[in-house]
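In: take a look and give me a structure for this.
(one chain, ligands or ions: 1)
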Amino acid sequence: MASINRLLLRTGPCILLFFLGLFVGRYFLSVNFPDEWDSRSTRSQAAELYVGGVAGNREEQYLLSPNEEDDRLLKDLAEAKERISRLEKKVALVENRTPKRYPFVNFLNHRAKKRILVTGGAGFVGSHLVDKLMMAGHEVTVVDNFFTGSKRNVEQWIGHENFELIHQDIVTPLFVEVDEIYHLASPASPPHYMFNSVKTIKTNTIGTINMLGLAKRVGAKILIASTSEVYGDPEVHPQPETYWGHVNPIGPRACYDEGKRVAETLSYAYAKQDKVSVRVARIFNTYGPRMHVDDGRVVSNFILQALRNETLTVYGRGNQTRSFQYVSDLVEGLVSLMASNFTQPVNLGNPVEYTISEFAAIIRTIVGNNNPIKSIDATEDDPQRRKPDISRAKLHLKWTPKVPLREGLIRTIAYFRGVLEKTKLSQSVIYYPN
Ligand SMILES: O=c1ccn([C@@H]2O[C@H](COP(=O)(O)OP(=O)(O)O[C@H]3OC[C@@H](O)[C@H](O)[C@H]3O)[C@@H](O)[C@H]2O)c(=O)[nH]1
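Out: The predicted structure is shown next:
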């Protein structure tokens with residue numbers, strides 16, 4: 001019993017102190033954590049914790065009013081945006097220093113490697129030709145005034161040691177040392193070449209003289225891009241190279257048709273008089289990716305109208321005909337012609353002929369939007385029938401077009417879909433003011 005009493009005497013004060021401590025502690029906790037803590041919204045709690053975390057001051061978080069919390073959050077958001085923007089700039093700098101990846105380029109020894117000039121090389125056909133020549137391993141110089149061409153068409157080569165881009169109009173002379181010249185520079189779509197008809201004539205006459213003069217001076221072989229339009233509105237069908245054509249010399253298309261006819265005349269005059277080695281390609285209607293969105297020719301017009309759910313506009317009754325070749329076939333033909341010994345004009349085109357109404361229906365079916373097709377006013381001097389006779393190309397170049405219309409159109413439609421998608425995206429970019 002005595003021992004129990006001694007134990008109580010010793011531990012009693014400690015037990016009393018323990019309960020007293022519990023009571024005082026509970027009192028202080030209830031003051032610092034009022035009941036309203038539990039009833040606050042989750043958003044508010046999160047805001048407090050976030051602010052507390054950023055401020056590093058635990059007491060401060062419980063002192064902020066909802067408005068102050070919002071201000072604080074906005075300030076932190078602005079700081080975060082600022083930091084992201086600084087980081088983005090740094091990433092861009094690092095990316096610029098990283099070596100660019102180019103498409104595969106074949107290695108050619110110094111004998112096989114040619115220095116090649118492509119005028120109009122940033123255009124639709126020109127840029128596909130540049131791709132082929134670059135990938136084959138040649139040194140390629142592009143000269144373009146960017147009237148219808150675009151740097152984007154050749155951006156895959158910018159900075160490559162075999163590639164050079166010159167921003168110049170070939171109406172002013174050009175002095176470069178080259179082995180071959182592909183002279184493609186000229187607007188080719190009717191609305192483009194009619195836009196400034198005098199300039200179109202200058203490009204095809206003065207520009208061609210400049211290029212033939214350059215070929216003469218440096219001893220280069222030159223290929224002139226002529227056109228099926230030299231046959232005008234043909235009275236012979238299909239058109240062989242021996243046909244002299246049916247062109248209105250004072251009509252709206254004459255700037256291009258006659259310009260190209262003079263370009264051919266100049267080529268054979270330089271060949272005869274100055275022994276310049278010339279090749280002449282008469283190019284028929286060609287289509288494919290990288291056609292300009294505002295090209296205005298039938299292929300891009302119909303595809304864009306179909307993709308945008310608009311009416312397909314047929315000029316005239318739609319029974320005029322055309323034959324459409326895919327751009328890769330044309331490029332093969334141009335390279336084969338340059339490599340050949342054949343110096344007379346050669347038609348390059350796909351001989352499968354369609355009426356424009358049939359063509360509209362084909363595009364509508366592939367796009368699948370079931371758009372209406374409407375006939376509107378015919379254009380002046382529009383050639384009524386066109387189909388190449390390609391016997392020469394088959395015989396002398398062993399060339400025939402390979403890509404069927406449907407396949408080529410599927411690729412071209414995919415390209416235009418991508419362009420429209422990018423345009424939509426670039427229009428929907430939201431601007432955040434600082
Ligand atoms: O929206 C359109 C555009 C064109 N067309 C018609 O479609 C046919 C083809 O017209 P395009 O404008 O595509 O081209 P064109 O055949 O008149 O000229 C072309 O010919 C061969 C190339 O060398 C040239 O690049 C280009 O001048 C024409 O009969 C034209 O009237 C339409 O019905 N609707």
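In: which element is the closest residue to the ligand within the stretch 1-150 of the chain on?
Out: Residue of the stretch 1-150 of the chain nearest the ligand, by Cβ to the nearest ligand atom: Val125 (9.1 Å). Using the backbone N, CA and C atoms, a C-beta is placed for each residue, glycine as well. Using DSSP states H and E, the element containing Val125 is helix 124-136.
In: so where's this protein shaky on pLDDT?
Out: 1-64, 425-434 (pLDDT under 70).
In: relative to the ligand, how far out is the residue lying closest to Phe324 once chain neighbours are set aside?
Out: Spatial nearest neighbour of Phe324, excluding adjacent residues (Cβ to Cβ, 6 or more residues apart in numbering): Asn285 at 5.1 Å. Here the criterion is Cβ to the nearest ligand atom, to the nearest Å. By it, Asn285 lies 5 Å from the ligand.
In: got the contact list for the helix holding Val125?
Out: 103-106, 108, 116, 118-121, 140, 142, 144, 148-149, 153-154, 156-157, 160, 162-163, 182, 184-185, 188, 225, 283, 286, 288, 290-292, 295, 327-328, 330-331, 334-335 (Cβ atoms under 8 Å, 6 or more residues apart in numbering).
In: stretch 185-201 too?
Out: Residues outside stretch 185-201 that contact it (Cβ under 8 Å, 6+ apart) are 119-120, 123-126, 143-145, 147-148, 170, 203-204, 207, 225, 227, 252-256, 258-260, 292, 295-297, 379.
In: let's see that with 7 Å instead.
Out: Identification of contacts with stretch 185-201 by Cβ atoms under 7 Å, 6 or more residues apart in numbering yields 119-120, 147-148, 170, 203-204, 207, 252-253, 255-256, 259, 295-297.
In: which ones among these come in contact with the ligand?
Out: Arg297 (Cβ under 6 Å from any ligand atom).
In: restricted to helices, list the contacts of stretch 185-201.
Out: Using DSSP state H, Thr203, Asn204, Gly207, Cys255, Tyr256, Gly259 are the members of the contacts of stretch 185-201 that sit in helices.
In: the fifth one - nearest residue in space that isn't next to it in sequence?
Out: Nearest non-adjacent residue to Tyr256, counting by Cβ to Cβ, 6+ apart: Tyr193, 4.2 Å away.
In: over to the third one?
Out: Closest residue to Gly207 apart from its sequence neighbours, by Cβ to Cβ, 6+ apart: Ile170 at 4.1 Å.
In: which phi and psi does that neighbour have?
Out: phi -70, psi 0 (degrees, to the nearest 10).
In: that one: neighbouring residues, count only.
Out: Number of residues near Ile170 (other Cβ atoms under 10 Å) recorded here: 25.
In: re earlier: ok, the residue of the stretch 1-150 of the chain closest to the ligand to Lys132 distance?
Out: Look at Val125 and Lys132: by Cβ to Cβ, to the nearest Å, they are 11 Å apart.
In: repeat for Gly121
Out: With Cβ to Cβ as the criterion, Gly121 and Lys132 are 11 Å apart.
In: those two: who's more crowded?
Out: Per other Cβ under 10 Å, whichever of Gly121 and Lys132 has more neighbours is Gly121, with 30 against 15.
In: now the closest residue to the more buried one other than its chain neighbours, what's its secondary structure?
Out: In this structure, Gly121 finds its nearest non-sequential neighbour in Val142, 3.1 Å apart by Cβ to Cβ, 6+ apart. Following DSSP: H, G, I helix; E, B strand; the rest coil, the label given to Val142 is strand.
In: Val142: neighbour count?
Out: Neighbours of Val142 (other Cβ under 10 Å): 29.
In: ok, now which ones touch the residue nearest to Phe324?
Out: By Cβ under 7 Å, 6+ apart, the neighbours of Asn285 are Arg322, Ser323, Phe324, Gln325, Gly349.
In: and it, backbone torsions?
Out: phi -50, psi 120.
In: what about Leu74, how many neighbours?
Out: Neighbours of Leu74 (other Cβ under 10 Å): 10.
In: hmm, back to that, how close does the residue nearest to Gly207 sit to Phe124?
Out: Distance from Ile170 to Phe124, by Cβ to Cβ: 17 Å.
In: same question for Arg86.
Out: For Arg86, the distance to Phe124 - Cβ to Cβ - is 40 Å.
In: got the residues of the stretch 101-250 of the chain near the ligand?
Out: With Cβ under 6 Å from any ligand atom as the criterion, the stretch 101-250 of the chain meets the ligand at residues Ala188, Ser189, Pro190, Thr227, Ser228, Glu229.
In: before we move on, what SS does the one residue in the stretch 51-200 of the chain that gets nearest to the ligand have?
Out: Proximity of the stretch 51-200 of the chain to the ligand (Cβ to the nearest ligand atom) peaks at Ala188, 3.6 Å away. What three-state DSSP gives for Ala188 is coil.
In: for the host helix or strand of Lys199, which positions count as buried?
Out: According to DSSP H and E, Lys199 maps onto helix 197-218. Within helix 197-218, the residues scored as buried using 16 or more other Cβ atoms under 10 Å are 199-205, 207-212, 214-216.
In: where along the stretch 201-350 of the chain do the strands fall?
Out: Using DSSP state E, counting those that start in this stretch, the strands found in the stretch 201-350 of the chain span residues 221-227, 278-283, 286-287, 312-315, 321-323, 325-326, 346-348.
In: ok, and which of these has the densest surroundings?
Out: strand 346-348 (a mean of 26; mean count of other Cβ atoms under 10 Å).
In: right, is that one up against the ligand?
Out: No: against the ligand, strand 346-348 shows no contacts by Cβ under 6 Å from any ligand atom, the least distance being 10.0 Å.
In: next SSE downstream of that strand?
Out: strand 353-355.
In: buried set for stretch 373-384?
Out: Here stretch 373-384 shows Ile373, Asp381, Pro383 as buried, counting by 16+ other Cβ under 10 Å.
In: for stretch 85-102, that is, sorry about that
Out: Tyr102.
In: alpha carbons of that stretch, as PDB, please.
Out: Output of stretch 85-102 as PDB, limited to C-alpha atoms (Å, rounded to 0.1, in the frame of the first residue of the first chain):
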ATOM      1  CA  SER A  85       9.300  32.400 -73.600                       C
ATOM      2  CA  ARG A  86      12.900  32.700 -72.500                       C
ATOM      3  CA  LEU A  87      13.300  28.900 -72.700                       C
ATOM      4  CA  GLU A  88      11.700  28.800 -76.200                       C
ATOM      5  CA  LYS A  89      14.200  31.400 -77.400                       C
ATOM      6  CA  LYS A  90      17.100  29.300 -76.000                       C
ATOM      7  CA  VAL A  91      15.700  26.100 -77.700                       C
ATOM      8  CA  ALA A  92      15.500  28.000 -81.000                       C
ATOM      9  CA  LEU A  93      19.100  29.100 -80.700                       C
ATOM     10  CA  VAL A  94      20.300  25.600 -80.000                       C
ATOM     11  CA  GLU A  95      18.200  24.200 -82.900                       C
ATOM     12  CA  ASN A  96      19.900  26.700 -85.200                       C
ATOM     13  CA  ARG A  97      23.300  25.500 -84.200                       C
ATOM     14  CA  THR A  98      22.300  21.800 -84.800                       C
ATOM     15  CA  PRO A  99      23.400  20.700 -88.300                       C
ATOM     16  CA  LYS A 100      20.400  20.600 -90.700                       C
ATOM     17  CA  ARG A 101      19.200  17.200 -92.000                       C
ATOM     18  CA  TYR A 102      18.900  17.100 -95.800                       C
END
